[in-house]
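A.B. asks: Provided below are the primary sequence and the corresponding predicted coordinates.
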Protein chains: 2
Amino acid sequence: MKNRYEPALRATGHTQRGQCAKRLSILDAAAHVFCREGFSGASIDEIAVAACVSRQTIYNHYREKETLFTAVVEDVMDRANAMLYSILATFPDKSDNIEDDLTAFAVRLSKNCLCNQDGKFLRKLVQSEGERYPHLFEAWRQHGPGKISSALGALFSRLCHKGVLQIDDFDLAARQFLALVNADLQMISLFGGTPTDEELESAARNAVQTFLRAYGKPAGTSIAQPPSLAVVS
Amino acid sequence: MKNRYEPALRATGHTQRGQCAKRLSILDAAAHVFCREGFSGASIDEIAVAACVSRQTIYNHYREKETLFTAVVEDVMDRANAMLYSILATFPDKSDNIEDDLTAFAVRLSKNCLCNQDGKFLRKLVQSEGERYPHLFEAWRQHGPGKISSALGALFSRLCHKGVLQIDDFDLAARQFLALVNADLQMISLFGGTPTDEELESAARNAVQTFLRAYGKPAGTSIAQPPSLAVVS
DNA sequence: GTCAATTTAGACACCATTGTCTAAAACGTC
DNA sequence: GACGTTTTAGACAATGGTGTCTAAATTGAC
């Protein structure tokens, strides 16, 4: 009872570095195992082995399996969120070739947000455990696809004001853009492997071409619009 | 050892009806429980209770949990397959309003193939257990989305020859059509609830409008195509 | 009603997992 | 090297699930 680990001391410590390493190692390993096995299929021992840590250490940091799980989800969502914003910032202010710029943007987005380990984790876990943890599901819905959609919507709004796109419903267009990008990728990333750069590139190009055919405004030729579209300019 | 149940006798029987009822009850209950809990989370006892059947009866019909699981998957996939073909047959041969016809078609497709219980089961289970059962995953890929895509591709090809659509890559267009239909629905059907008729209708209309802006050929005005498109005719 | 096929409840051994506990070891700082 | 903090291995009880077995009950065809 003398030298038992007291979680309350964590904030006061001078040994933050070592702890953080263990914590991160645990979170990382847990993310992988949870992703592969699901919540009920993942065992604490398996996670401990993957994290190169004893089982007791996990129980020192997280009261129980469920605590660990929600911590992992929060960690992954935070990272995904930061990644999203850093990617949004890369879209050029002055775009002379909207197709190329949108394609490059879609590649970065799918590579670093949708098809990476974090994206796969969130997709799988929210789908399989979403009904069991409604608050988790809601947080994901708002911070994940919700954030992406509204951020994309803002981007499209900017591009509309510049006369490059012609969109009525920005949110809808954002959802459709994401759906189109995923159209070619979900099969690959479901299979387990991450898509190659060529696959990402081709998926993005296909998506952007179709998107621009639906929402793009041809350079100087406003006459060439399909007549069923009400041209607002 | 006298009156033990012998699976080999099943085919010779005169009591097919009763057995079928039990079998279907088990398959149905198992599908629900597997869908809700995942493979490792679902317990045989839970399935037995849901099927109003004793646990031993399940073990009489299926050697082990895994056997039951694959049987459920095959059952659901067969049903989904039949449903798909019955829906494909509903697309009118002579279509005077392509937008309305495609929309009605998309509603039927999403309602009876994508958002119904079977669709949800397949999506969740393939996603969570696909890596553990590669053969299952492959079967789903070919018989599920693969079938839908190629069937849709064939339909689009017909519509192209009639001059209603203008498509280079039919498979790509099919995948994109499905992705667009799902764009508005995945969030709803992930949440657990099945979408309302209004939601299905609006999702289908949004998808079809965008799809037709990208791939539709305006009635008599072939000049009005965006110049970037190579007109093949 | 008879008979065989089928289902049932319950008990059972077996195993994996969770979460706790303890004493020893390792770590980091001074 | 001393000291408090943290990690570790291993044992542990409790739990819950799988799959087997048995004897009794039910069903359905004749």
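C.D. replies: Alright, I've got the coordinates.
A.B. asks: Helices of chain A, start to end?
C.D. replies: Here chain A has its helices, by DSSP state H, at A:16-41, A:44-50, A:55-61, A:65-88, A:98-109, A:117-129, A:134-141, A:147-161, A:170-183, A:186-190, A:197-215.
A.B. asks: Which elements pack onto the last one?
C.D. replies: On a contact count with 3 or more C-beta pairs under 8 Å, 6 or more residues apart in numbering or on different chains; DSSP states H and E, helix A:197-215 meets helix A:98-109, helix A:170-183, helix B:170-183, helix B:197-215. Every residue, glycine included, has its C-beta placed from N, CA and C.
A.B. asks: Kindly report the same for the longest one.
C.D. replies: In terms of contacts (3+ C-beta pairs under 8 Å, 6+ apart), helix A:16-41 is packed against helix A:44-50, helix A:55-61, helix A:65-88, helix A:117-129, helix B:16-41.
A.B. asks: how's chain A carved up into domains?
C.D. replies: Here chain A is described, according to automatic domain parsing, as comprising the domains A:15-62, A:72-219.
A.B. asks: Pull up the gap between the most centrally placed residue in chain A and residue A:90, please.
C.D. replies: With distances taken as C-alpha atoms, centre = their mean, residue A:113 lies nearest the centre of chain A, 3.7 Å away. Look at residue A:113 and residue A:90: by C-beta to C-beta, to the nearest Å, they are 12 Å apart.
A.B. asks: tell me the contacts of residue A:157?
C.D. replies: A:167, A:170 (C-beta atoms under 8 Å, 6 or more residues apart in numbering or on different chains).
A.B. asks: OK, contacts around the residue nearest to the centre of chain A?
C.D. replies: Residues counted as contacts of residue A:113 (C-beta under 8 Å, 6+ apart) are A:80, A:83, A:84, A:87, A:119, A:148.
A.B. asks: Pull the number of nearby residues for the residue nearest to the last one when sequence neighbours are not counted.
C.D. replies: It refers to residue A:148. Nearest residue to residue A:148, sequence neighbours excluded (C-beta to C-beta, 6 or more residues apart in numbering or on different chains): residue A:84, at 6.1 Å. By other C-beta atoms under 10 Å in any protein chain shown, 19 other residues sit near residue A:84.
A.B. asks: Please tell me the pLDDT value assigned to residue A:84.
C.D. replies: Here, the pLDDT recorded for residue A:84 equals 91.
A.B. asks: measure it to residue A:182 for me?
C.D. replies: Noted for residue A:84: a distance of 15 Å to residue A:182, by C-beta to C-beta.
A.B. asks: Low-confidence bits of chain A, can you list those?
C.D. replies: By pLDDT under 70, the low-scoring segments of chain A are A:1-19, A:192, A:218-233.
A.B. asks: at 50 instead, please
C.D. replies: Chain A contains residues with pLDDT under 50 at A:1-4, A:7-16, A:220-233.
A.B. asks: Hmm, residue A:184 is touching residue A:205, no?
C.D. replies: No - checked against C-beta atoms under 8 Å, the pair residue A:184 and residue A:205 is beyond contact range at 9.7 Å.
A.B. asks: Neighbour count for the two, which is higher?
C.D. replies: More crowded of residue A:184 and residue A:205, by other C-beta under 10 Å: residue A:184, with 23 against 17.
A.B. asks: ok, the residue lying closest to that one once chain neighbours are set aside - contacts?
C.D. replies: Closest residue to residue A:184 apart from its sequence neighbours, by C-beta to C-beta, 6+ apart: residue A:203 at 3.7 Å. Contact partners of residue A:203, counting by C-beta under 8 Å, 6+ apart, are A:106, A:110, A:181, A:183, A:184, A:185, A:195.
A.B. asks: Just put those residues in TSV and tack on distance to residue B:213.
C.D. replies: Shown next, in TSV, are the contacts of residue A:203 (distance: C-beta to C-beta, whole Å):
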residue	distance to residue B:213
A:106	19
A:110	23
A:181	18
A:183	16
A:184	20
A:185	23
A:195	27
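A.B. asks: close enough to count as contact, residue A:171 and residue A:149?
C.D. replies: Yes - assessed by C-beta under 8 Å, residue A:171 is found in contact with residue A:149 at 6.0 Å.
A.B. asks: Those two - which one has more neighbours?
C.D. replies: Neighbour tally, residue A:171 and residue A:149, criterion other C-beta under 10 Å: the higher count belongs to residue A:149, 20 against 14.
A.B. asks: Now for the spatially closest residue to residue A:90 that is not a sequence neighbour, how many residues are close by?
C.D. replies: Nearest residue to residue A:90, sequence neighbours excluded (C-beta to C-beta, 6+ apart): residue A:108, at 6.4 Å. Residue A:108 has 18 neighbouring residues, counting by other C-beta under 10 Å.
A.B. asks: Kindly report the same for the one 4 residues further on.
C.D. replies: Burial of residue A:112, expressed as a neighbour count using other C-beta under 10 Å, amounts to 16.
A.B. asks: how far away is it from residue A:79?
C.D. replies: Distance, residue A:112 to residue A:79, by C-beta to C-beta: 10 Å.
A.B. asks: what does residue A:27 give?
C.D. replies: According to C-beta to C-beta, residue A:27 and residue A:79 sit 10 Å apart.
A.B. asks: what do you get for residue A:63?
C.D. replies: As defined by C-beta to C-beta, residue A:63 lies at a distance of 23 Å from residue A:79.
A.B. asks: Settle it for me: which of residue A:27 and residue A:79 has more neighbours?
C.D. replies: Higher neighbour count among residue A:27 and residue A:79: residue A:27, with 21 against 15, using other C-beta under 10 Å.
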